[in-house]
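Visitor: Fold the following.
(2 chains)
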Amino acid sequence: MSFEELEHTADVLMRVRGADLTELFAEAGRAMFHVMYGPCEDRGIERRIEIEAENLESLLIDYLSELLFVTEVENTVFCTFDVDLRGTRLSAHLRGELFDPARHSAGALIKGISYFGLEIVKEEEGYVVEIIFDI
Amino acid sequence: MLTGINKIGDLEWEVPIGYVPEMRVPGRFFLSRELAETLEEGAVRQLANVATLPGIVKHSLAMPDIHWGYGFPIGGVAAFDMTEGVISPGGVGFDINCGVRLITTPLTEADLAGKKREVIERLFAAVPTGVGGKSNLRVSNKDLTAVMVDGARWAVERGLGIEADLVRCEGEGAMPGADPGAVSAKARQRGLPQLGTLGAGNHFLEIQVAREIVDPEAAKTFGIAEGQVCFMVHCGSRGLGHQVATDHLRTLESAAAKYGVRLPDRQLACAPVDSPEGRAYYGGMVSAANYAWANRQVIMHEARKVFAEVFGIEYDEMRLIYDVAHNVAKFERHDVDGVLTEVCVHRKGATRAFGPGVPGIPREYAAVGQPVIIPGSMGTSSYLLHGTKAAMEKTWGSTCHGAGRVLSRSKAKKEVKGRELREQLAGAGILVRAHSDSVLAEEAPDVYKPSGEVVRVVHEAGLSKIVARLDPLGVIKG
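Guide: Predicted structure coming up:
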């Protein structure tokens, strides 16, 4: 579905929507990489991650935190997120490219994912969550 | 002005118990009428939320650069009882020991003529910056353990600085109580390639000139004179600190429930200071804080080498005035109702401002109080102040940390064009070097509260006193 940046003076606040939870998690990943790097292409870099948590909100935070870790230590930028969600267990197949300072330096370094106000809400047409990224 | 808040002094406001449910103590903050116009209700609510945490002593406080963050407001300060109280990563932030150091050079502005571009380019080449910036050092896992225990001393012992640098750092460049075992393998993996890197966002390495000396006596004590060229380093503990915060937030979230702490905001996840989870966070946070001191030491070393080569000056002619942390929790002894008591002071976007004679500040500065360094935003002035007795009495020896944003990143991008800004600053004699112009737009001077106004408030409220104003000449950004 979509993500959009909302007004927030100190940090970056993103509203993310998905038709279902799987899509919501995929879009949340896309939103975060958009903030960090701007445009990204699939150039054959692949990665798989698996996360388990006790509830959906914690799962979302752990998943995004894991993505932050992977992008930083492996110098990768991801653009597609195939998410498989079973209860509060997630596996994601990520595709993208290697970090290129010439093309990926327009974004903001994210330090962490805030718990503040993070709540996955079911709406008529799917799910929505607002996430504060500390920059 | 928001409702439900009481003005209790010229620049002092109180958030009464009851502003949010279950407050244990009132909130207090310092703000001028001008700055109050931009005060967000969310920031006051966060200040009030902190007042609900167990063991909070006296007040939940905020400095005049208060703004809406997560957990504590930015600019938040709170002290907790060592037995009844809690420790919270939400009171420190993700960038553990983000801080600032200020170094003088024997140069004047005239010495920079014709060489400013060269020195900026060479600094940009010498100090890795931005997303993906990797260290020039080879750091082993064993080295990293030593960095987390010894802080700035680790760098000095390897020739990346001089012994005299250490006494001129808050806590001599390392906090006791590091527990590298509380730092995960992931945090280590992030920290290994980043020692000596600036990072991104509002972090910078800036060349400045001491444009105005406000307090000549204190300036003399600190070793700074009008017209003197200085440089300032603003950065923190990089990915290692971010990961320590992320990891411990997670464990403290379940710990809060275990210890029966009701959280008005999950980001205030905490545990008793004296609990296994609380001690683990403290030990991990101290390790990250020490990494940050080593990080700033290494960056200063690289910058000194560049200045020495470009201007033919000696390495040790560049004197570190001081290094301060503005995102940290510390065990300190303060006067609580007439009794010197150890408390756990959280400063999230606030700077320690110990007054004259307080133990823990360099002997050479004892008569004046510790130096306090307030970085400006890009293109605006930075300030050197000194700590005061009033800060010891009112704010656990704390003051502001910077300007505080007023314009969101998305608005800034719409309203400011990075390239135009770079040209505009160059026109004003300030050279800017960054990996991309869009980074500049997000950090443009207009997105921050005027640093001069924030500093004026702490000066007039007596929380610290202005010694000198430093104007930017050139800056490298992430």
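
Visitor: Low-confidence regions, the stretch 351-478 of chain B specifically.
Guide: For the stretch 351-478 of chain B, the stretches flagged by pLDDT under 70 are B:404-407, B:449-450.

Visitor: for it, what spans make up the strands?
Guide: Remark: strands assigned in the stretch 351-478 of chain B by DSSP state E, counting those that start in this stretch are B:351-352, B:371-374, B:382-387, B:398-399, B:431-433, B:464-477.

Visitor: What helices and strands are in contact with the fourth one?
Guide: Using 3 or more Cβ pairs under 8 Å, 6 or more residues apart in numbering or on different chains; DSSP states H and E as the contact criterion, the secondary-structure elements in contact with strand B:398-399 are strand B:60-70, strand B:351-352. C-beta coordinates here come from the backbone N, C-alpha and C atoms, glycine included.

Visitor: any residue of the helix or strand bottoming out on mean pLDDT in chain A up close to chain B?
Guide: Within chain A, no helix or strand scores below helix A:101-104, which has a mean of 88 by mean pLDDT, DSSP states H and E. Yes - judged by Cβ under 8 Å from any Cβ of the partner chain, helix A:101-104 comes into contact with chain B at A:Pro101, A:His104.

Visitor: At which residues are the helices of chain A located?
Guide: Counting by DSSP state H, the segments of chain A that form helices are A:21-37, A:56-74, A:101-104.

Visitor: Is any residue of stretch B:50-60 near chain A?
Guide: No - using Cβ under 8 Å from any Cβ, stretch B:50-60 stays clear of chain A, with a minimum separation of 12.8 Å.

Visitor: roughly how far out does that stretch sit from the chain middle?
Guide: The chain centroid and the centroid of stretch B:50-60 are separated by 22 Å under Cα atoms, centre = their mean, to the nearest Å.

Visitor: Endpoints of that stretch, how far apart?
Guide: One end of stretch B:50-60 sits 6 Å from the other (Cα to Cα, to the nearest Å).

Visitor: ok, now stretch B:267-282?
Guide: Counting by Cα to Cα, you get 17 Å between the two ends of stretch B:267-282.

Visitor: returning to what we had before: need the winner for burial among the strands of the stretch 351-478 of chain B.
Guide: strand B:398-399 (a mean of 34; mean count of other Cβ atoms under 10 Å in any protein chain shown).

Visitor: Run through who's touching it.
Guide: For strand B:398-399, contacts defined as Cβ atoms under 8 Å, 6 or more residues apart in numbering or on different chains pick out B:61, B:63, B:77, B:345, B:347, B:350-353, B:372, B:374, B:385, B:387, B:391, B:458, B:463-464.

Visitor: Quick check: which of the helices and strands packed on strand B:398-399 is buried the most?
Guide: Comparing the helices and strands packed on strand B:398-399 by mean count of other Cβ under 10 Å gives strand B:351-352 as most buried, with a mean of 31.

Visitor: Can you list the strands that that one pairs with?
Guide: Using DSSP bridges, the strands paired with strand B:351-352 are strand B:398-399 (antiparallel).

Visitor: pLDDT score for A:Met1?
Guide: We have a pLDDT of 60 for A:Met1.

Visitor: From B:Asn97, how far out is the nearest residue to B:Lys477 once chain neighbours are set aside?
Guide: Sequence neighbours aside, B:Ala434 is the residue nearest to B:Lys477 in space, at 3.9 Å (criterion: Cβ to Cβ, 6 or more residues apart in numbering or on different chains). From B:Ala434 across to B:Asn97, the span is 23 Å (Cβ to Cβ, to the nearest Å).

Visitor: Neighbour count for the two, which is higher?
Guide: B:Asn97 (29 against 22; other Cβ atoms under 10 Å in any protein chain shown).

Visitor: Quick check: phi and psi on the more buried one?
Guide: In terms of degrees, to the nearest 10, the main-chain angles of B:Asn97 are phi 50, psi 40.

Visitor: start to end distance for stretch B:148-159?
Guide: 18 Å.

Visitor: Can you give me the buried ones in it?
Guide: Of the residues in stretch B:148-159, B:Met148, B:Val149, B:Asp150, B:Gly151, B:Ala152, B:Arg153, B:Trp154, B:Ala155, B:Val156 count as buried by neighbour count, 16 or more other Cβ atoms under 10 Å in any protein chain shown.

Visitor: does the longest helix along chain B come close to chain A?
Guide: For chain B, the helix with the greatest residue count under DSSP H is helix B:276-311. No - judged by Cβ under 8 Å from any Cβ, helix B:276-311 stays clear of chain A, getting no closer than 11.9 Å.

Visitor: Give me the buried stretch members for that helix, please.
Guide: Going by neighbour count (16+ other Cβ under 10 Å), the buried part of helix B:276-311 is B:277-308, B:310-311.

Visitor: tell me the secondary structure for whichever residue of the stretch 101-250 of chain B sits closest to chain A?
Guide: Nearest residue of the stretch 101-250 of chain B to chain A: B:Ala200, at 3.8 Å (Cβ to the nearest Cβ). What DSSP: H, G, I helix; E, B strand; the rest coil gives for B:Ala200 is coil.

Visitor: pretty sure it is touching B:Gly132, no?
Guide: No - the criterion here is Cβ atoms under 8 Å, and B:Ala200 misses it with B:Gly132 at 9.3 Å.

Visitor: Count the residues that sit near B:Gly312.
Guide: 7.

Visitor: distance of it from B:Gly223?
Guide: Distance from B:Gly312 to B:Gly223, by Cβ to Cβ: 21 Å.

Visitor: Repeat that for B:Val100.
Guide: Taking Cβ to Cβ, one finds B:Val100 at 17 Å from B:Gly223.

Visitor: same thing with A:Asn55?
Guide: Using Cβ to Cβ, A:Asn55 is found at 55 Å from B:Gly223.

Visitor: Which of those two has more residues huddled nearby?
Guide: Neighbour count, other Cβ under 10 Å: between A:Asn55 and B:Gly223, B:Gly223 has more, with 15 against 10.

Visitor: Tell me what the residue nearest to that one when sequence neighbours are not counted is bridged to.
Guide: The shortest distance from B:Gly223 to any non-neighbouring residue, by Cβ to Cβ, 6+ apart, is to B:Arg319 (5.8 Å). Beta bridges link B:Arg319 to B:Thr104 when assigned by DSSP bridges.

Visitor: Surely B:Arg319 touches B:Pro106?
Guide: No - using Cβ under 8 Å, B:Arg319 and B:Pro106 do not qualify as a contacting pair, with a distance of 9.1 Å.

Visitor: Identify the contacts common to the two.
Guide: Common neighbours of B:Arg319 and B:Pro106, counting by Cβ under 8 Å, 6+ apart, are absent.

Visitor: between those two, which one's more packed in?
Guide: B:Arg319 (18 against 14).
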